[in-house]
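Student: Structure for this input, please:
(one chain, ligands or ions: 1)
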Amino acid sequence: MNVGVNLEQSAFLFPDRPAVSEGRVQLTYAQLNDRVNRVATALIEMGIHPGDHIAITYPNSIDWITCYFGVLKIGAVAVTLAAAFSGDELRNLIAHARPRIVFSDATKLADLEALKKEGKIEKIACTGGDIDIRELIKIGSPSFKAVERDRTDTAVILYTGGTTGVPKGVMITHEHVIFSSQSIAYYEHSNQYDRALCFLPFNHVFGQFHIMNSTIFSAGCVEMLPTLDVDRILKLFEEDRITKFFSVPTVYVRLLTITDLKEKLGKLRYCFSAGASMAMEIVKQWKEVTGITIAESYGMTEGMPITFNHFHPEKHVIGSVGQPVNLVEVQIRDASGTMLEQGKEGEICIRGRNVMKGYLDNPEATSAAFWDGGWLRTGDIGVMDEDGYVYIVDRLKDLIITGGENVSPREVEELLYTRPEVQECAVIGLPDKEWGERVTAIIVPKAGCDIASDEVKLFLKTRLSPFKVPKEYIVVSELPKSAAGKILKREIRRQFAEK
Ligand code: AMP
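Tutor: Numbers count the residues shown, from 1 in each chain. Below you'll find the predicted structure:
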């Protein structure tokens with residue numbers, strides 16, 4: 001078993017269909033597979049063995065995908081690091097993952113040279129470094145078959161924890177990637193005519209598995225952008241280059257501010273969101289404006305996908321992340337690990353071939369992440385209805401405890417999003433002498449709108465229990481976000497707790 005077989009099979013079935021597209025450059029499956037084989041054989045020539053770690057730090061690009069499959073096909077482990085990282089962040093992760101080679105663009109050369117001097121890496125694959133990808137492509141051979149790996153062998157390591165704490169290296173197996181790609185392609189009815197936009201970074205599970213790997217599995221085309229750029233996204237839509245759009249909720253909020261949006265969408269037929277709670281109001285507005293329903297899935301780096309909400313569009317329930325994916329088990333448990341009866345809120349726990357092997361060199365964190373029997377604790381609070389639909393209440397760590405009462409920020413945010421003057425918001429708990437935590441709403445108003453906090457407060461007061469109504473409203477021009485576009489609540493709490 002090898003993830004590289006997904007690419008080989010698409011190249012066998014559809015050699016002339018476009019596989020990857022970046023700006024004006026597009027490669028067919030035959031061309032991509034040829035390049036990948038050259039990188040793979042060149043890496044073997046350089047003495048890389050199955051199980052060796054190789055890091056990739058490029059931004060989303062054809063080079064990124066070429067290295068990735070080259071590494072996987074020879075059975076080495078792809079350590080996929082954020083292109084945005086440099087300095088200490090990059091050094092710490094590389095020191096932790098110990099890759100033999102790092103593929104990078106020239107912006108990180110100085111950091112990488114320092115690491116090489118310290119003996120942390122052997123070679124820098126970068127223009128100006130020891131060798132670059134162009135040379136590998138030149139010296140490698142175009143024919144190569146993916147080597148056989150065990151289903152439990154690690155294929156990739158992704159670092160997680162960006163929005164919650166210290167990063168951990170999540171070990172994902174060949175079986176996991178193949179399972180995820182196949183489930184996603186199935187639930188999305190994907191085919192070889194799809195063109196999937198990917199501006200979400202490939203080092204994150206959303207960009208890497210949900211968009212890129214599942215598109216390669218179904219022989220569609222990955223249309224990539226190095227970063228989120230709304231003007232370029234709209235241009236790609238207008239050029240009829242996108243049929244599937246994947247994003248986190250914040251980007252839908254931004255796109256909804258564009259005038260004549262519907263006329264600018266070209267061949268777009270499918271819209272998807274994951275990664276953070278999607279306010280129901282945004283799904284409704286998007287449908288009204290574009291005619292397209294935003295489909296959702298719930299997942300995380302340690303195990304994905306977990307649920308899907310739209311295999312049968314007529315059964316799509318707005319506000320729910322849907323039912324568990326085939327072969328993925330979901331249980332709602334209390335803090336002691338006991339399974340709760342249907343309809344009760346508790347921690348979402350999952351088991352299946354989508355679940356990570358563990359955290360790299362971190363047995364304590366690995367054992368804390370699981371209940372006995374291989375049940376992964378997601379750290380998310382949810383509830384399941386009688387039809388098996390899962391509703392995310394909130395992240396365990398984002399719950400606000402105020403005067404001894406629990407407040408789910410999501411509930412308050414959902415209401416705020418129904419206000420016409422609110423573009424984006426985050427509800428957090430700030431330290432408070434009297435309440436322990438004080439419910440605080442941080443709001444980005446729509447252009448030209450004022451937030452009259454008395455009016456908003458009155459609106460919330462008539463709809464929420466008194467302890468849930470924010471005690472403070474702070475208006476800001478933007479909210480801090482991760483490279484994947486998720487609102488960073490930890491960062492917001494830090495900023496405002498210091499004031
Ligand atoms: P990450 O590991 O960075 O992908 O983050 C995973 C976390 O994102 C999950 O534990 C959830 O808290 C959140 N998340 C992912 N998908 C959804 C979704 N559809 N709705 C709400 N939260 C989500």
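Student: State the number of residues packed around Thr127.
Tutor: Other residues lying near Thr127 total 14 when counted by other CB atoms under 10 Å. Where C-beta positions appear, they are placed from N, C-alpha and C, glycine not excepted.
Student: Who are the contact partners of it?
Tutor: When contacts are counted by CB atoms under 8 Å, 6 or more residues apart in numbering, Thr127 touches 105-106.
Student: what helix or strand is it on?
Tutor: Taking DSSP states H and E as the definition, Thr127 sits outside all helices and strands.
Student: Give me the distance between it and the ligand.
Tutor: With distances taken as CB to the nearest ligand atom, to the nearest Å, Thr127 is found 31 Å from the ligand.
Student: ok, now Arg134?
Tutor: Relative to the ligand, and taking CB to the nearest ligand atom, Arg134 is found at 33 Å.
Student: Count the neighbours of that residue for me.
Tutor: As a burial measure, Arg134 scores 10 neighbours (other CB under 10 Å).
Student: What distance do you get for it to Val39?
Tutor: Arg134 is 10 Å from Val39, where distance means CB to CB, to the nearest Å.
Student: So which bits of the chain are right by the ligand?
Tutor: 160, 205, 274-277, 296, 298-301, 321, 378-380, 392, 395 (CB under 6 Å from any ligand atom).
Student: Are any of the residues you listed buried, and if so which?
Tutor: In those, burial by neighbour count holds for 160, 205, 274-277, 296, 298-301, 321, 378, 380, 392, 395, counting by 16 or more other CB atoms under 10 Å.
Student: Show me the protein divided up by domain.
Tutor: Domain ranges of the chain: 4-207, 228-395, 399-497, per automatic domain parsing.
Student: So what's the predicted local confidence for the nearest residue to Gly275 once chain neighbours are set aside?
Tutor: Setting aside the residues directly before and after it, Gly275 is nearest to Val248 in space (CB to CB, 6 or more residues apart in numbering), at 4.3 Å. pLDDT recorded at Val248 is 89.
Student: Give the burial count for Val248, as a bare number.
Tutor: Using other CB under 10 Å, Val248 has 22 neighbouring residues.
Student: And it, its phi and psi?
Tutor: Torsion angles at Val248 (phi, psi; degrees, to the nearest 10) stand at phi -90, psi 160.
Student: Over to the one 3 residues further on?
Tutor: Its backbone dihedrals place Val251 at phi -70, psi -30, with angles given as degrees, to the nearest 10.
Student: tell me the contacts of it?
Tutor: Shown in contact with Val251 (CB under 8 Å, 6+ apart): 228, 230, 485.
Student: and what of Ser190?
Tutor: By CB under 8 Å, 6+ apart, the contact set of Ser190 is 184, 214-215, 217-218, 220, 244.
Student: hmm, which two among those are most spread apart?
Tutor: Across those, no pair lies farther apart than Phe217 and Lys244, at 13.7 Å, counting by CB to CB.
Student: wait, doesn't Val355 sit right on Gly374?
Tutor: Yes: with contact defined as CB atoms under 8 Å, Val355 reaches Gly374; the gap is 6.8 Å.
Student: before we move on, the earlier item: Ala365: which of the contacts of Val251 is nearest?
Tutor: Checking the contacts of Val251 against Ala365 with CB to CB, the nearest one is Gly485 at 25.7 Å.
Student: who does the helix or strand harbouring Ala196 touch, helix- and strand-wise?
Tutor: Per DSSP H and E, Ala196 falls inside strand 195-198. Applying 3 or more CB pairs under 8 Å, 6 or more residues apart in numbering; DSSP states H and E, one finds that strand 195-198 contacts strand 221-224, strand 244-247.
Student: Give the buried residues for it.
Tutor: Going by 16+ other CB under 10 Å, strand 195-198 has these buried residues: 195-198.
Student: Who has more neighbours out of Val355 and Gly374?
Tutor: Taking other CB under 10 Å, Val355 and Gly374 do not tie; Val355 has more neighbours (24 against 12).
Student: Could you measure from that one over to Arg438?
Tutor: 37 Å.
Student: Quick one: the strands in the stretch 201-350 of the chain, in order.
Tutor: All strands of the stretch 201-350 of the chain, identified by DSSP state E, counting those that start in this stretch, fall at 221-224, 244-247, 270-273, 294-300, 303-308, 323-324, 329-333, 346-351.
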